[in-house]
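Got a predicted model here, sequence first, then my questions.
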Amino acid sequence: MVFNRSLLAKAALGPAAGAVLMAFMASGAIPAYQMYSVALAAVYTIVVLSVGLLAGWSGIWSVGHPAFFAIGAYFAAYGSGHGWSLETVVLGAVVTGTVLGAFLGYAGARFSMLYIALLTLAFTMVTLELVNRWSSVTGGDQGVAVLQLRSSLGLGTLAGGSTESQYLAVGAAAVVLALAVPAAASGLRMRLVAAKSHPLAARTIGIAPEAQSALAFAVSAAFTTFAGVLLGLITGFVSPDPFSLNLGIALIAACVLGGVGTIVGAVAGGAYLTWNPSLSSAVGLPQPVVQGLVLVGVLLFLPGGVVPFLSAPLRSVLRRVWRRPAPAPTPSKPTPAVGLEPRQPAAAMEAPTGEADVVLCLEHVSVAYGGLKALEDASVSLRQDEVLAVIGPNGAGKTTLLNAVSGLTGNGRVSGRVDFAGGSLLKARATARRRLGIGRTFQHAEVFSELTVTENVLCTRRWITARDRADVARLLDSVGLADVADRRPGELPFGLQKRLDLARAMAEEPKLLVLDEPFGGLDAGERAVLAQQIRRLHAQGTAVLVIDHVLDDLFSVAHRVLAFDFGRTIGEGTPDTVLDNPEVRSSYLGTVGGRAELPERVGERSVLRLSGVGHSYGGVVALRDVDLDVHEGVVLGIAGANGAGKSTLAGILHGSLKPARGSRETGGTVVRTSLAPEGRALFKTLSLRENLEVAAYAAGITGAPLRERLAETTEWLPPRLRDRMSVSAAGLSGGEQQMLAIARALIVKPDVLIVDEPALGLAPALVDEVYDRLVRLAHDGLTVVLLEQLLSRAMSVCHEVVVLHEGSVAAQGRPGDPSFAALAEAAYFSGARETAATTARL
């Protein structure tokens, strides 16, 4: 934790306010009958702060804090009757709360928020039942008095209900608020928020979400039990009534009212809890009703809380009042940020010397999920002076390989041997692998959305020093993020989020960087910047293991390439030779077999037309200027590697996704389209018949038309499915599920059927069966659009094929044209923008 003047000034505000308030109390400016309310508000402030920061920083909503509050109060009562000192009571209460809180936090971290709430609810109920039954200690329903506690540190004797106890409560709240200020700027808060925002990514930088939840809950419970001791002292009497479940609900309402996770909001929440009874009496309504109305009103009109709502315009006014003219910049020679130089031509990396030590070695590694082997007998070695690329089609096992290295296989069974820097990795937790020197990025830039850019990198440190901040500033400057260091990732385009993901992985200078599709979703300039950064990391001695589908840029930074398919290694070579391997080539393109019999006559009418269609997802360009005609009766194949934009194009053709640019036209007629999405998206808990009925109901088909459609669609299914219409969809094989997904799309009698990746994850025999049934639909006059990863499959069953590359139409033509096959293959890999001469209208 680095203390600066601004932080110290903010931390001093709490004690200063406490001192002023106690001066008013001593002067008589606050009437004696109100001093108790002020002290109670101070106690509630501590509790609301504990609950609010736990929710805001860790995402844990607890209704168990009334139990911790009660534990502290009963410690005060029991200690006062048995001669304990004030310090002994506080220590005993805090230690008890810490231990119980750590247990609840660790146990609850393995469950969803609902189950954590239920767990804390059960804890409160058990504690209250124990209070009622352990009457020899708690007094049961009758309660127990708090007599007096003598301080062993010379602070005097505090009697229950005394004025001195009220002063102590106000002073303690002031100190707690002061401690919360540096905590909000500490690595503790950053790591808690990181674990809450993205537990999987947090593990890759050494943060264990379970440990963070346990720590957060323990600290929160400790302060709440301390507040319970103060409550016993200012009331002079403890009974079960104040600690009911209503208090748990009221604490949550107070947190939301003030602003979850805000320090000043806790003060507002504490004041609200204290004076809510007076407000209820004034309006003549029961307290729960008033609490409910206040909570509903805040959620509807001030969802961020009262304090954040009021503080935003106040900060704006103060900035205008105190704004000073900026000093004139001192002329200096600009220093280009690393990775931001003009683009250099893509060129293969110089071959390593081969003299460096092997830093990573996988021998016969397999990863299985149930009966599915995602990785099978993989053997990989990587030297310290090497960049190793892993390629393969979607589902080949590439990401599973990276997960085996970084410890993110989840419930998968991992066998074989994985050594890193001379030690075994398989028994090391994912959080420990970061300390061993392994950095990891993710395909979709899994950054921590609630932290700033700087904090996203700083949270890799447990204890943050001035040197750490300087190191992170230099690192951000090196990747071109210095100008956005204080912004949150959600405010940045996708390319900068990718850089942030890389910077976080680079922090603490790992020996090995594991990069999961770093080029995906970037434009040409951003990919060039990233390629230069990878080259610099290699030059600095970092070994790199990288997977991607953007082969040109991937090969420009790789020394060696491994090809995977169906979870096993199928080829190895240099970037300029690996695609010469027939098995590697066919894993992308497929094996061209005999062409299925298609209907010879197709219509000339265009049923769907896309003109200049483009689409993006938060800065990630998925489609660029796509022009496409879908003609009546045609089987149109849209082929492309994973990430080429096929699924986005499917959604736009279907009409369920509106393009960001361009137009979708149907020629002035009503065209019914139906989509069988990638991954099938079946309702697994419903039967086959219910899956079909849901689709029909969604289209407004009921009664006799529904029974007729069900009969027709069921007839299209193979006999083994027709005889199992009452079986759950989860019990079907992959191929059977795919046929059910297509049948569900057919039940609405579409004019155009769009099928996204119908062969994904299927055995060859099942692939043939699925495609045979799709070709039969074309014979019945249905227009079919097939989105395929395997180019050869699209070439074998389609009238016309469009090749997508990085969101653009790279080639279009008829498979019957002898010259089109070579053109389509080149476009698939390199994106050459050409159209076969035979791309005449069908």
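Yep, it's here.

How is the protein divided into domains?
5-26+33-276, 358-437+510-589, 593-671+751-842, 682-745 (automatic domain parsing).

Which stretch among these approaches I464 most closely?
Closest to I464 of those is domain 5-26+33-276 (Cβ to Cβ; 4.5 Å). Backbone N, C-alpha and C define where each C-beta goes, glycine included.

which residues sit in contact with T120?
62-65, 104, 108, 248 (Cβ atoms under 8 Å, 6 or more residues apart in numbering).

okay, those in a markdown table with distance to L21, neighbour count and pLDDT next?
Output for the contacts of T120, formatted as a markdown table (distance: Cβ to Cβ, whole Å; neighbours: other Cβ atoms under 10 Å; pLDDT from 0 to 100):
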| residue | distance to L21 | neighbour count | pLDDT |
| --- | --- | --- | --- |
| S62 | 28 | 31 | 91 |
| V63 | 30 | 23 | 90 |
| G64 | 30 | 28 | 90 |
| H65 | 25 | 31 | 94 |
| L104 | 33 | 26 | 92 |
| G108 | 36 | 24 | 82 |
| G248 | 28 | 23 | 89 |
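
of those, closest to G171?
Nearest to G171 among the contacts of T120, with distances taken as Cβ to Cβ, is H65, at 22.2 Å.

so of the contacts of T120, which ones are in helices?
Within those, residues falling in helices by DSSP state H are 65, 104, 108, 248.

returning to that earlier point: weakest of the domains of the chain by average pLDDT?
In terms of average pLDDT, domain 593-671+751-842 trails the rest of the domains of the chain, at a mean of 82.

for it, the distance to its chain's centre please.
Relative to its chain's centre, domain 593-671+751-842 lies at 32 Å (Cα atoms, centre = their mean, to the nearest Å).

just curious, which of the ones in helices among the contacts of T120 is nearest to T235?
H65 (17.7 Å).

Quick check: the closest one vs A622, distance?
According to Cβ to Cβ, to the nearest Å, H65 stands 46 Å off from A622.

returning to that earlier point: what's the closest of the domains of the chain to A482?
Nearest to A482, of the domains of the chain and by Cβ to Cβ, is domain 358-437+510-589 at 14.5 Å.

centre of the chain versus the closest one, how much separation?
22 Å.

Reformat the domains of the chain as JSON lines; add distance to L300.
Shown next, in JSON lines, are the domains of the chain (distance: least, Cβ to Cβ, whole Å):
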{"stretch": "domain 5-26+33-276", "distance to L300": "11"}
{"stretch": "domain 358-437+510-589", "distance to L300": "37"}
{"stretch": "domain 593-671+751-842", "distance to L300": "28"}
{"stretch": "domain 682-745", "distance to L300": "31"}
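
among the ones you listed, which is nearest F448?
domain 5-26+33-276 (4.3 Å).

residue contacts, the spatially most central residue of the chain?
Geometric centre of the chain, nearest residue: H198, 4.5 Å, by Cα atoms, centre = their mean. Listed by Cβ under 8 Å, 6+ apart, the contact set of H198 reads 446-448.

does the closest residue to D523 other than its chain neighbours count as helix, strand or coil?
Nearest residue to D523, sequence neighbours excluded (Cβ to Cβ, 6 or more residues apart in numbering): V621, at 6.5 Å. Assigned by DSSP: H, G, I helix; E, B strand; the rest coil, the conformation of V621 is strand.

got a list of what V621 touches?
V621 touches 521, 523, 614-615, 807, counting by Cβ under 8 Å, 6+ apart.

Tell me which of those residues fall in strands.
614-615 (DSSP state E).

rewinding a little: any idea which of the contacts of H198 has the most stuff around it?
The most neighbours of any of the contacts of H198, using other Cβ atoms under 10 Å, belong to F448, which has 27 neighbours.

thinking that one is in contact with C459, fair?
Yes: between F448 and C459 there is a contact under Cβ atoms under 8 Å: 6.9 Å.

Give me the common contacts of those two.
The contact lists of F448 and C459 share 193-194, where a contact means Cβ under 8 Å, 6+ apart.

Span of stretch 661-672 from start to end?
One end of stretch 661-672 sits 22 Å from the other (Cα to Cα, to the nearest Å).

Would you map the strands across the stretch 301-450 of the chain?
Along the stretch 301-450 of the chain, counting by DSSP state E, counting those that start in this stretch, strands occupy 358-369, 372-383, 387-391, 413-420, 423-424, 438-440.

on contacts alone, who are the packing partners of the second one?
Using 3 or more Cβ pairs under 8 Å, 6 or more residues apart in numbering; DSSP states H and E as the contact test, the elements touching strand 372-383 are strand 358-369, strand 387-391, helix 398-406, strand 543-547, strand 568-573.

which one of those lies closest to L155?
helix 398-406 (52.5 Å).

So which of the domains of the chain is nearest W463?
Of all these, domain 5-26+33-276 comes closest under Cβ to Cβ, at 6.1 Å.

Need the distance between the two termini of that closest one.
37 Å.

From the chain's centroid, how far away is that domain?
30 Å.

Numbering from 299 from now on, please.
Happy to do that; since the first residue is 299 now, the last one works out to domain 303-324+331-574.

For the contacts of H496, give me TSV that also has distance to L1038 and pLDDT.
Below are the contacts of H496 laid out as TSV (distance: Cβ to Cβ, whole Å; pLDDT from 0 to 100):
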residue	distance to L1038	pLDDT
E744	33	89
V745	38	93
F746	39	94
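
between those residues, which is nearest L973?
E744 (28.0 Å).

Spit out the contact partners of P787.
743, 745-747, 749, 751, 754, 795, 798.

Among these, name the buried ones.
743, 745-746, 749, 751, 754, 795, 798 (16 or more other Cβ atoms under 10 Å).

State the pair within the residues you listed that is farthest apart.
Checking those with Cβ to Cβ, the most distant pair is A743 and L749, at 13.7 Å.

The stretch 849-998 of the chain: helices as residue ranges?
With helices called from DSSP state H, counting those that start in this stretch, the stretch 849-998 of the chain shows them at 849-855, 880-887, 944-952, 986-996.
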